[in-house]
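Asks: fold the following and give me the result.
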Amino acid sequence: MDYTHHYDSPLGGVTLASDGAALTGLWFDGQRHYAATLAPEHTDGELPVFGLAERWLDVYFSGRQPDFTPPLRMRGSAFRRAVWELLLTIPYGKTMCYGEIAAIVAAERGLRRMSAQAVGGAVAHNPVAIIIPCHRVLGADGSLTGYAGGADRKRKLLALESGSNPAKY
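Replies: Next up, the predicted model:
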């Protein structure tokens with residue numbers, strides 16, 4: 001059984017999802033791929049993992065780097081999960097480009113190269129936004145490409161982490 005919970009963030013409503021033990025989803029309300037990994041049968045609930053996720057988000061939106069991660073269970077193909085695991089290694093306040101991620105994933109899999117577009121597809125379908133920091137991925141030229149929550153939110157998340165003005169991005 002899947003459970004959902006609502007969180008009011010400074011950037012709009014957020015829906016959290018859990019399998020009862022781990023966080024399986026975090027989407028801005030109405031974003032692209034909203035609730036794509038959420039089971040059709042789900043119910044609202046109060047779970048300890050939702051309390052942890054809310055605490056993480058409260059720390060994050062206060063402009064500080066959280067020092068813990070709620071338990072996560074990523075639902076997706078092995079390739080997508082590999083990309084999402086790599087996203088978790090991007091340091092707070094830093095960014096990577098799709099090509100860099102593709103090169104790392106290719107090396108981990110013993111391949112000569114990998115398509116940045118394939119990585120982009122995995123990043124776009126990240127089911128746990130913000131905590132799995134897909135907003136930290138930029139185009140090769142530094143452009144704010146492909147954030148399912150919208151470019152304005154991506155800009156604000158990057159500015160929050162860097163302590164700068166969102167207009168910088």
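
Asks: domain assignment for this protein?
Replies: 2-61, 78-168 (automatic domain parsing).

Asks: need these in CSV (columns: distance to Leu72, mean pLDDT and mean neighbour count).
Replies: Quick note: C-beta positions are derived from backbone N, CA and C, even for glycine. As requested, the domains of the chain are arranged in CSV below (distance: least, CB to CB, whole Å; pLDDT from 0 to 100; neighbours: other CB atoms under 10 Å):
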stretch, distance to Leu72, mean pLDDT, mean neighbour count
domain 2-61, 5, 93, 17
domain 78-168, 6, 92, 17
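
Asks: can you put the ones you listed in TSV and add distance to Pro70?
Replies: Shown next, in TSV, are the domains of the chain (distance: least, CB to CB, whole Å):
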stretch	distance to Pro70
domain 2-61	4
domain 78-168	7
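
Asks: pull up the distance across stretch 4-22, start to finish.
Replies: 12 Å (CA to CA, to the nearest Å).

Asks: and the contacts of that stretch?
Replies: The contact list for stretch 4-22, computed with CB atoms under 8 Å, 6 or more residues apart in numbering, reads 1-3, 23-29, 34-35, 37-38, 42-47, 49-50, 53-54, 57, 61, 70-73, 127, 149, 153, 156-157.

Asks: among the residues you listed, which are located in strands?
Replies: 2-3, 23-28, 42-44 (DSSP state E).

Asks: among those, which two are most distant?
Replies: Phe28 and Thr43 (21.0 Å; CB to CB).

Asks: and which of the ones in strands among the contacts of stretch 4-22 is nearest to Ser77?
Replies: Nearest member of the ones in strands among the contacts of stretch 4-22 to Ser77, counting by CB to CB, is Thr24, at 15.0 Å.
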